[in-house]
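S.K.: Build me a model:
(one chain, ligands or ions: 1)
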Amino acid sequence: MKLRICMGAVLLAGAAAANAEANASANAAAAQAAAQPGPGSTIASAAPAGRGFDIAITVDDLSAHGSLPPGMNWPAIAKSYLATLKAHRVPEAYGFVNALRLKDAPGSEPVLDIWRQAGYPLGNHTYSHLGLSQAPSLQAWEDNVKQGEPPIQARMAGADWRVLRYPFLDAGNGAAGDPGRHDAAQAWLKGRGYRIADVSVSFDDWAYTETYARCLAKNDTAAIDAMKRDYFTRVDAAIARMKALSQAVYGRQIPEVLLTHMGAWSAATLPEVMARLDAAGAHYVTLAQAQLDAAYREGGPQAANGTLPERAATEKHVDTSGLPQVPQVGQLDAMCR
Ligand SMILES: [Zn+2]
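M.R.: I've put the predicted structure just below:
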């Protein structure tokens, strides 16, 4: 269940100076706004002036992301995940379901009920994690979306379950020979009552999943410690880039939407990830609250493809070359073989 984000980088020199100027005034305005809490403020948002941010947490690939490490079970992983989110007062975390996993990941089906019992909603991630561009046809992809609905609908009576997260954040723009697929899929989803769960930031947690399972099987704690150092360094860099990118593209801090995955690595590292988000000024909100922001309603020919601010930077020809970079994921494939 890998997430691949393929973004064409279009960097135009010359925009940097104008952006820096716009950012300076926006930063001043943001600092002023933060110093005078509005009616929506809570204690949890009491971050250093100008540095706080709203963020919605979302979790993909329920009921089971990747391989199950030896000695673990899916319900326990889900409970660990939820305990961490609740400890950080996360008001809502959509869990996006690949219903095929209820069959091919034995023992994982209770995860959906555990998620609901925690008061968190479920949404659709297609039946078999089918990328829209890779689907043999738009019809085949639509059928896959529909096939994923029953187990979600059954657990979401009276609640809003028509929320879709595109697998691989692939909104169809890469469909060879089918340039209309993106727009057609967007229209079909809207007609079926769906809204799209966009993503603004991710820490590539999925990339560590299989290596973690192998290293646990070998009881290689040194390798796991090295993976965690690599990962948390990248988390910090991604948070720094997230903030800088928001300022560069929008001249302000937009509400963020974080993509994580329902797997053993993600659950094990989530406490440290949440601590780092807290330290960076996170204030947890719902997906709907985050997506109320104008940044999430811009639409366009690439809507929902890849991550929002990186996509917007490309479309708006914003020079991101001077922003904090996130290091590449380390050499995980060779570890614990
Ligand atoms: Zn996924």
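S.K.: Going by proximity to the ion, name the top residue of the stretch 201-337 of the chain.
M.R.: The stretch 201-337 of the chain approaches the ion most closely through His261 (6.7 Å), counting by CB to the ion. All C-beta atoms are positioned from the backbone trio N, CA, C, and that covers glycine.
S.K.: Over to that residue: give its phi and psi.
M.R.: Dihedral angles of His261 (phi, psi; degrees, to the nearest 10) stand at phi -130, psi 150.
S.K.: Let me know whether it touches Asp205 as I believe.
M.R.: Yes. Assessed by CB atoms under 8 Å, His261 is found in contact with Asp205 at 5.4 Å.
S.K.: Tell me where the stretch 101-250 of the chain has helices.
M.R.: Under the criterion DSSP state H, counting those that start in this stretch, the stretch 101-250 of the chain contains helices at 101-104, 110-117, 138-147, 150-155, 181-191, 209-217, 221-250.
S.K.: Can you add mean neighbour count, mean pLDDT and distance to the ion and give those back as TSV?
M.R.: Shown next, in TSV, are those (neighbours: other CB atoms under 10 Å; pLDDT from 0 to 100; distance: least, CB to the ion, whole Å):
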stretch	mean neighbour count	mean pLDDT	distance to the ion
helix 101-104	16	98	10
helix 110-117	19	98	15
helix 138-147	17	98	13
helix 150-155	16	98	15
helix 181-191	16	98	17
helix 209-217	20	98	11
helix 221-250	18	98	18
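S.K.: which residue does the stretch 151-300 of the chain bring closest to the ion?
M.R.: Nearest to the ion, among the residues of the stretch 151-300 of the chain, is Pro167, at 5.0 Å (CB to the ion).
S.K.: Arg337 and Gly66, how far apart?
M.R.: Counting by CB to CB, to the nearest Å, the gap from Arg337 to Gly66 is 17 Å.
S.K.: These two: which is more packed in?
M.R.: Of the pair Arg337 and Gly66, Gly66 is the one with more neighbours under other CB atoms under 10 Å, namely 21 against 7.
S.K.: Thought Thr209 was touching that one, still the case?
M.R.: Yes. At 3.7 Å, Gly66 counts as touching Thr209 under the criterion of CB under 8 Å.
S.K.: what touches both of those two?
M.R.: Among the neighbours of Gly66, those also in contact with Thr209 (CB atoms under 8 Å, 6 or more residues apart in numbering) are 261, 263-265.
S.K.: nearest to Leu323, of those residues?
M.R.: Using CB to CB, His261 comes nearest to Leu323 of these, at 25.1 Å.
S.K.: got the contact list for stretch 292-310?
M.R.: With CB under 8 Å, 6+ apart, stretch 292-310 has contacts from 5-7, 166, 169-173, 182-183, 186, 196, 198-202, 242, 245-246, 249-250, 254-255, 257, 290-291, 311-312, 314-315, 320.
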